[in-house]
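Asker: All I have is the shape, not the residue letters:
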């Protein structure tokens with residue numbers, strides 16, 4: 001089995017690419033980073049440090065790479081059984097053109113073996129969004145063939161992969177936590193579903209997408225934004241602050257009530273899941289900076305993202321949301337001169353005020369109870 005993986009960054013190499021290679025899949029990475037691409041071509045392997053109770057360095061073998069700007073990437077698509085991505089939501093739209101060109105070539109030349117495409121991104125139904133972008137670029141006859149022979153499979157992914165450790169000189173080395181979760185929508189595959197250890201199948205993907213979004217992602221960013229306010233530099237520093245840990249846990253409990261109401265998760269099991277997430281944040285071997293987790297606050301404040309979507313759920317079910325509101329207020333306080341979204345956020349608050357900013361970016365009623373409470377918290381916290 002052969003796979004083309006878009007994105008040879010830390011997540012691509014440390015998570016999805018590793019799972020595929022460990023399963024015996026022949027993985028070709030594609031990326032614009034010449035040092036990484038050339039290193040993969042020359043060495044056909046790279047080291048992954050897996051950190052948990054113990055630290056173990058594992059070697060991923062049998063891989064190669066191709067530069068994303070190389071026209072032969074399009075030809076490569078015609079020869080693959082699986083395409084995966086770990087490029088980020090913005091770049092996902094950019095690679096849609098390459099994938100569309102590859103599908104045009106593959107399907108127009110009569111290839112009818114199934115191809116499955118899985119966007120492994122930190123977003124809801126990312127593959128469906130990729131499919132929409134790809135289909136905008138396909139001819140009508142290829143669209144018909146793509147619907148028959150190409151599966152666009154949505155997934156939920158969860159693994160903390162921090163930036164390279166300070167002092168690391170190997171451009172291919174990557175550090176990851178022990179925990180990983182890759183859940184795919186089994187109803188969207190074409191042909192046989194590949195047997196890849198670590199890739200879990202479900203026919204109810206949204207339950208797991210929202211469980212991760214409302215727990216890991218919500219807790220992570222609340223940790224970062226509250227930590228930023230208190231001058232903490234890393235997620236671990238922040239979560240070891242007892243006051244912040246209490247708030248983060250409570251925020252995840254509030255979002256968890258939405259999941260329990262919406263999907264019927266068992267309260268005891270979900271409470272254990274929350275504790276597992278808190279333990280992951282405190283992993284002493286993972287150095288994850290608050291500014292990395294907090295960056296792009298406008299995206300994180302979107303109505304369907306990690307703060308506002310669970311908040312909307314609490315409104316829907318009439319459940320508690322005081323700490324989620326505090327998390328939103330802390331996000332509004334986030335400043336980072338190197339982050340264009342953080343700069344825009346602060347300029348908008350300065351020009352329009354808190355409640356109009358919430359209406360603009362979060363689609364909350366500026367005169368609603370929640371906006372009023374967030375404004376009061378914003379003015380109170382420091």
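Answerer: That came through fine. Since the model is a prediction, treat every value here as computed from it, not as a measurement.

Asker: Scan this structure for its longest helix.
Answerer: As assigned by DSSP state H, the longest helix anywhere in the chain is helix 242-263.

Asker: Where do the domain boundaries of the chain fall?
Answerer: 2-203, 206-380 (automatic domain parsing).

Asker: In CSV: the ones you listed, plus mean pLDDT and mean neighbour count.
Answerer: The way it works is simple: take the backbone N, C-alpha and C, and place the C-beta from them, glycine included. Output for the domains of the chain, formatted as CSV (pLDDT from 0 to 100; neighbours: other Cβ atoms under 10 Å):
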stretch, mean pLDDT, mean neighbour count
domain 2-203, 95, 18
domain 206-380, 97, 19
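
Asker: Just give the closest residue to residue 116, not the sequence neighbours.
Answerer: Nearest-residue entry for residue 116: residue 151, 4.1 Å, with adjacent residues in sequence omitted and distances by Cβ to Cβ, 6 or more residues apart in numbering.

Asker: contacting residues around that neighbour?
Answerer: By Cβ atoms under 8 Å, 6 or more residues apart in numbering, the contact set of residue 151 is 114-117, 188-191.

Asker: State the helix or strand in which the spatially most central residue of the chain lies.
Answerer: Closest to where the C-alpha atoms of the chain average out (Cα atoms, centre = their mean) is residue 122, at 1.7 Å. Take DSSP states H and E as the rule and residue 122 turns out to sit in neither a helix nor a strand.

Asker: Next one: it from residue 16, what distance?
Answerer: From residue 122 over to residue 16 the distance is 12 Å, taken as Cβ to Cβ, to the nearest Å.

Asker: Spit out the residues that contact those two alike.
Answerer: Residues touching both residue 122 and residue 16 (Cβ under 8 Å, 6+ apart) are residue 157.

Asker: which outside residues touch stretch 71-81?
Answerer: Residues from elsewhere that reach stretch 71-81 (Cβ under 8 Å, 6+ apart): 1-4, 28, 30, 66-67, 83, 98-99, 101-103, 105-106, 109, 111, 113-116, 194.

Asker: for the contacts of residue 151, which one is nearest residue 287?
Answerer: Nearest to residue 287 among those is residue 117, at 33.2 Å by Cβ to Cβ.

Asker: how close does the spatially closest residue to that closest one that is not a sequence neighbour sit to residue 339?
Answerer: Leaving out its chain neighbours, the residue that sits closest to residue 117 by Cβ to Cβ, 6+ apart is residue 83, at 4.5 Å. Applying Cβ to Cβ, the value for residue 83 to residue 339 is 31 Å.

Asker: ok so, going back, between the contacts of residue 151, which is nearest residue 269?
Answerer: Residue 269 lies nearest to residue 188 out of the contacts of residue 151, by Cβ to Cβ, at 26.4 Å.

Asker: Could you tell me the backbone phi and psi angles at the closest one?
Answerer: phi -110, psi 0 (degrees, to the nearest 10).

Asker: Check residue 333 too.
Answerer: The phi/psi pair for residue 333 (degrees, to the nearest 10) reads phi -90, psi -10.

Asker: cool, and residue 110?
Answerer: Per degrees, to the nearest 10, the backbone of residue 110 is at phi 90, psi 10.

Asker: cool, residue 65 as well?
Answerer: Torsion angles, degrees, to the nearest 10, at residue 65: phi -160, psi 160.

Asker: Skip the chain neighbours and tell me the closest residue to it.
Answerer: residue 40 (3.7 Å).

Asker: ok now do that neighbour, which residues does it touch?
Answerer: The contact partners of residue 40, by Cβ under 8 Å, 6+ apart, come to 8, 29, 46, 63-65, 172.

Asker: just residue 178 next, same as before
Answerer: Contacts for residue 178 (Cβ under 8 Å, 6+ apart) come out as 50-53.

Asker: quick one, helices of the stretch 1-150 of the chain?
Answerer: Listed from the start of the chain, the stretch 1-150 of the chain has helices (DSSP state H, counting those that start in this stretch) covering 10-11, 17-22, 34-43, 72-77, 89-108, 126-135, 140-149.

Asker: Of those helices, which is nearest residue 369?
Answerer: Counting by Cβ to Cβ, residue 369 lies closest to helix 89-108 out of the helices of the stretch 1-150 of the chain; the figure is 30.8 Å.
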